[in-house]
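Visitor: need a structure here:
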Amino acid sequence: MASNNGAPAGENNAPAINVLAQYVKDLSFENPNAPRSLAPRTTAPQIEIKVNVNARQVGEADFDVELAIEGQAKDDDSLVFRVDLSYGGVFRVINIPEEQLHPVVMIECPRLLFPFARQIVADAVRNGGFPPLMIDPVDFAALYRARAEEAQGNA
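Guide: Residues are numbered from 1 along each chain as shown. Purely as a prediction, here's the structure:
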């Protein structure tokens with residue numbers, strides 16, 4: 001009889017998150033004032049980053065999770081660059097209690113996607129002629145709580 005992590009096949013009830021696929025859904029980089037925007041600066045531009053997470057169920061235990069990252073740099077009132085990334089992943093979530101499923105999908109899945117999305121953003125900005133934009137780690141649990149509080153406030 002086959003064994004699966006010490007348990008007989010078919011009897012493993014351990015919670016698991018499996019990444020079935022990862023993909024770039026949409027990527028945009030704008031450098032509207034090039035080549036002037038590439039000139040050396042005396043001050044650093046103001047960087048603004050927004051992160052959002054959306055998910056939808058696509059199968060009995062499968063979820064499509066989208067991590068949206070919007071970033072822009074401004075110098076005074078002019079746009080230096082703008083980058084938008086929609087990065088997705090399809091996850092199979094098994095043996096997670098129903099009451100914990102939503103937080104797992106909205107916190108743990110984007111946490112797994114983030115390093116890949118961060119690298120894509122850094123490369124896009126670097127390829128646009130600027131130093132790579134290295135986004136600080138995101139606290140997806142805090143983002144989840146903030147969205148839950150916002151939803152309760154709107155209800």
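
Visitor: please make it C-alpha for all contacts and neighbour counts, starting now.
Guide: Fine.

Visitor: what's the burial count for Phe114?
Guide: By other CA atoms under 10 Å, 20 other residues sit near Phe114.

Visitor: hey, which strand is longest across this protein?
Guide: strand 78-94 (DSSP state E).

Visitor: and the following helix or strand past that strand, how far out from the chain middle?
Guide: Moving toward the C-terminus from strand 78-94, the next helix or strand (DSSP states H and E) is helix 98-103. In terms of CA atoms, centre = their mean, to the nearest Å, the centre of helix 98-103 is found 19 Å from the chain centre.

Visitor: any idea of the mean pLDDT in the very next helix or strand once past helix 98-103?
Guide: Proceeding N to C from helix 98-103, the next assigned helix or strand is helix 109-127, under DSSP H and E. Mean pLDDT, computed over helix 109-127, is 97.

Visitor: and the longest strand of the chain, which strands flank it?
Guide: strand 16-30 (antiparallel), strand 62-75 (antiparallel) (DSSP bridges).

Visitor: tell me who's in contact with the residue nearest to Val83 when sequence neighbours are not counted.
Guide: Nearest in space to Val83, with sequence neighbours left out and distances taken as CA to CA, 6 or more residues apart in numbering, is Phe29 at 4.4 Å. Shown in contact with Phe29 (CA atoms under 8 Å, 6 or more residues apart in numbering): Phe81, Arg82, Val83, Asp84, Ala124, Val125, Gly128.

Visitor: dump the residue contacts of the spatially most central residue of the chain.
Guide: Residue closest to the average C-alpha location in the chain (CA atoms, centre = their mean): Leu67, at 3.2 Å. Contacts of Leu67 were listed using CA under 8 Å, 6+ apart, and they are Val51, Asn52, Val53, Asn54, Leu85, Ser86, Tyr87, Gly88, Pro110, Leu113, Phe114, Ala117.

Visitor: where does pLDDT dip in the chain?
Guide: Scanning the chain for pLDDT under 70 picks out 1-11, 155.

Visitor: quick revisit: from Glu149, how far out is the residue nearest to Val83?
Guide: Distance, Phe29 to Glu149, by CA to CA, to the nearest Å: 32 Å.

Visitor: equivalent analysis for Pro45, please.
Guide: From Pro45 to Glu149 the distance is 32 Å (CA to CA).

Visitor: tell me which of these two has more neighbours.
Guide: Counted by other CA under 10 Å, Pro45 and Glu149 do not tie: Pro45 has more neighbours, with 16 against 12.

Visitor: this completes my enquiry, with thanks.
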